[in-house]
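> Kindly generate the corresponding structure for this input.
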Amino acid sequence: MGSRLNDNPIEDVNPVVSEILRRAEAGELSCLSCAAGCGATDYAARICPLCGKQVELRPVSGRGRIHSYSVFHAPFNSKLPAPYTVLLVELDEGPRLAAVFDGEGGPPPKVGDAVVFSGADDGFVRFSLI
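Numbers count the residues shown, from 1 in each chain. Below you'll find the model as predicted:
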């Protein structure tokens, strides 16, 4: 979601991503979903891959599982000091998204662990272990 090399992560992203981040910072995780009811789809989609209809932003449960993760030991943004962990979360609704692990200092994450949306700040969506 946007450039993480810039200290203003919302500045250079597209309007859909900006709206997703705005909603997340207000406490609501949203993703693109088929307006005709086919279900949630990838964040890059502009039409439903199943039926070709338009997609729209809809709230999602905020629950998912860790599909993959990576620990960064170099700071790429001054608002996110290293080391930090970035998760690739597969939402219960299907789409995957990158998020910052909101559990540093606790048990390390593992692929397959259940996670939940825990908020967003400074343009970073955060998930924590359930």
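> can we go C-alpha only for contacts and neighbour counts from here?
Noted.
> strands paired with the longest strand belonging to the chain, and their directions?
The longest strand of the chain (DSSP state E) is strand 63-72. Within its sheet, strand 63-72 is paired with strand 84-91 (antiparallel), strand 114-121 (antiparallel), according to DSSP bridges.
> mind listing what's buried in the last one?
If I follow you right, that is strand 114-121. Buried residues in strand 114-121, counted by 16 or more other CA atoms under 10 Å: A114, V115, V116, F117, S118, G119, A120.
> and the spatially closest residue to G103 that is not a sequence neighbour, how many residues sit next to it?
Using CA to CA, 6 or more residues apart in numbering and skipping the chain neighbours, the partner closest in space to G103 is S128 (5.8 Å). Neighbours of S128 under the rule other CA atoms under 10 Å: 20.
> Let me know the pLDDT of S128.
pLDDT for S128: 97.
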